[in-house]
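A.B. asks: Next one to model:
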Amino acid sequence: MTAPTAPAIEKYLGSSLRLLPQTAQLRALHTAIRDRDARPEDFVHYARRVIRMLIEAGMDLLPFEPYEVRTPTGAPYQGLRFASGLCGVTVVRAGESMEGELRAVCPGIRIGKILIQRDETTKEARLYYTALPADIADRHVLLLDPVMATGGTALAALRVLRDLGVPEENTVFVNLITVPEGVAAVCEEFPRVRIVTSAVEERLDENAWMLPGIGDFGDRYFGTDA
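C.D. replies: So this is what the prediction gives:
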């Protein structure tokens, strides 16, 4: 059985899709976390470094407003601050690996949860549980999930946010690794959602695994892999 050809993503780059600069440092970090023989503590350490870069890049897409402060010299500084409320939403359980870095950048931030699981037979995403801020429709949302393959889980989570009144343009999907198939699926249904990722893989295989891939991120991060 031959896997379908991956769609082109060039039309999404710079608008819906933001790819971290593919520096030598980022490639070295990916080398560390993609190594199947990586020690669990090394996988977590280097994955957290990439996640921190993604969180910072995602926050750069949020709206800011002018804000003046006084420096220790007494002089004014014409700066910026976030223009409105912010919250994080993690897709349980792999998305919880990104919470620590978000809290490090934004202490005290509200974080909601969405539990979606993919049926291993049908490959369809099913929603099981949500726990979200009551005023989420008035907030900007950083949706956190490290892996996006077919896009089914991301689409299910984004539909939950849309149904609760969160405007598409108020959502930034922070994702560590994806494939063209997932990018196309999300961007076609949610063209105003911004995706921030550190890697776009070659394609999905016939079993919906990414190539070259990273394995089961949640199992590797939380130490539950066989």
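
A.B. asks: so Gly112 touches Leu86, yeah?
C.D. replies: No - if you go by Cβ atoms under 8 Å, Gly112 and Leu86 don't touch, sitting 11.8 Å apart. All C-beta atoms are positioned from the backbone trio N, CA, C, and that covers glycine.

A.B. asks: where do the strands sit along the protein?
C.D. replies: 17-19, 64-70, 76-82, 86-92, 110-118, 125-131, 140-144, 147-148, 171-175, 177-178, 194-197, 203-204, 210-211 (DSSP state E).

A.B. asks: What is the neighbour count of the residue lying closest to Leu62 once chain neighbours are set aside?
C.D. replies: Spatial nearest neighbour of Leu62, chain neighbours left out: His140 (5.4 Å); criterion: Cβ to Cβ, 6 or more residues apart in numbering. Summarising burial for His140: neighbours were counted as other Cβ atoms under 10 Å, giving 21.

A.B. asks: and if you look at Cys87?
C.D. replies: Counted with other Cβ under 10 Å, Cys87 comes out at 21.

A.B. asks: Tell me what it is bridged to.
C.D. replies: Listed beta-bridge partners, Cys87: Arg110, Val141 (assigned using DSSP bridges).

A.B. asks: wait, Asp135 sits on Leu86?
C.D. replies: No - look at Asp135 against Leu86 with Cβ under 8 Å: they stay out of range, at 11.7 Å.

A.B. asks: Looking at the two, which has the bigger crowd around it?
C.D. replies: A direct count of neighbours by other Cβ under 10 Å for Asp135 and Leu86 places Leu86 higher, at 19 against 11.

A.B. asks: Using PDB, write out every CA atom in stretch 86-101.
C.D. replies: Only the C-alpha atoms of stretch 86-101 are listed here, as PDB (Å, rounded to 0.1, in the frame of the first residue of the first chain):
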ATOM      1  CA  LEU A  86      -4.300  35.200  27.600                       C
ATOM      2  CA  CYS A  87      -4.800  31.500  28.400                       C
ATOM      3  CA  GLY A  88      -3.300  28.200  27.500                       C
ATOM      4  CA  VAL A  89      -5.200  25.100  26.500                       C
ATOM      5  CA  THR A  90      -3.400  21.800  26.500                       C
ATOM      6  CA  VAL A  91      -4.500  18.700  24.600                       C
ATOM      7  CA  VAL A  92      -4.200  15.900  27.100                       C
ATOM      8  CA  ARG A  93      -1.900  14.200  27.600                       C
ATOM      9  CA  ALA A  94       1.100  15.100  25.300                       C
ATOM     10  CA  GLY A  95       0.200  18.800  25.400                       C
ATOM     11  CA  GLU A  96       0.800  18.800  29.200                       C
ATOM     12  CA  SER A  97       4.500  18.500  28.400                       C
ATOM     13  CA  MET A  98       4.400  22.100  27.200                       C
ATOM     14  CA  GLU A  99       2.700  23.500  30.300                       C
ATOM     15  CA  GLY A 100       5.900  24.000  32.300                       C
ATOM     16  CA  GLU A 101       7.500  26.200  29.700                       C
END
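
A.B. asks: Cheers, nothing more for now.
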